[in-house]
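Engineer: fold the stuff below for me.
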Amino acid sequence: MIPRQTDQLFIEIKTLAPRERLRLVERVIHDLTDGGEAGTASGDPGTILGLFADEPELMDEINEAAMVARERDPLRVRDA
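Structural biologist: Predicted structure coming up:
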């Protein structure tokens with residue numbers, strides 16, 4: 001359940017111009033990745049890593065699938 005304050009904040013964010021919303025999102029991302037406490041992202045269920053913190057085998061499978069897809073379907077065509 002999302003706290004009421006979060007819902008109110010989201011409503012206020014939606015009133016911003018798209019460029020300002022993007023700037024805010026980028027600022028939040030930078031704050032979470034650069035300014036957060038060490039180790040909090042991996043244990044926080046609100047992050048991707050935190051969601052799978054108790055599922056190391058699943059993370060290995062996801063990583064393996066991504067690597068196979070990357071080898072099979074390269075993003076760039078290599079010069080011959």
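
Engineer: list the contacts of the helix or strand containing residue 63.
Structural biologist: Secondary structure assignment for residue 63, by DSSP states H and E: helix 56-72. By Cβ atoms under 8 Å, 6 or more residues apart in numbering, the residues outside helix 56-72 that reach it are residue 52. In this view, the C-beta of every residue, glycine as well, is placed from N, C-alpha and C.

Engineer: then that helix to CSV, C-alphas only?
Structural biologist: C-alpha atoms of helix 56-72 as CSV (Å, rounded to 0.1, in the frame of the first residue of the first chain):
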residue,chain,number,x,y,z
PRO,A,56,20.2,-15.4,-6.2
GLU,A,57,19.5,-18.3,-8.5
LEU,A,58,16.8,-16.3,-10.3
MET,A,59,19.3,-13.4,-10.8
ASP,A,60,21.8,-15.9,-12.2
GLU,A,61,19.2,-17.1,-14.7
ILE,A,62,18.2,-13.6,-15.7
ASN,A,63,21.9,-12.6,-16.1
GLU,A,64,22.6,-15.8,-18.2
ALA,A,65,19.6,-15.1,-20.4
ALA,A,66,20.7,-11.5,-21.0
MET,A,67,24.3,-12.7,-21.9
VAL,A,68,23.0,-15.3,-24.3
ALA,A,69,20.7,-12.8,-26.0
ARG,A,70,23.6,-10.3,-26.2
GLU,A,71,25.8,-12.9,-27.9
ARG,A,72,23.1,-14.0,-30.2
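
Engineer: count of residues packed around residue 53?
Structural biologist: 14 (other Cβ atoms under 10 Å).

Engineer: ugh, wrong one, I meant residue 47
Structural biologist: Counted by other Cβ under 10 Å, the residues lying close to residue 47 total 16.

Engineer: also residue 25?
Structural biologist: Residue 25, neighbours per other Cβ under 10 Å, totals 11.

Engineer: let me know the helix or strand that it is in.
Structural biologist: Counting by DSSP H and E, residue 25 is part of helix 18-34.

Engineer: tell me the domain ranges of the protein?
Structural biologist: 1-36, 45-73 (automatic domain parsing).

Engineer: would you turn these into CSV with mean pLDDT?
Structural biologist: Shown next, in CSV, are the domains of the chain (pLDDT from 0 to 100):
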stretch, mean pLDDT
domain 1-36, 82
domain 45-73, 80
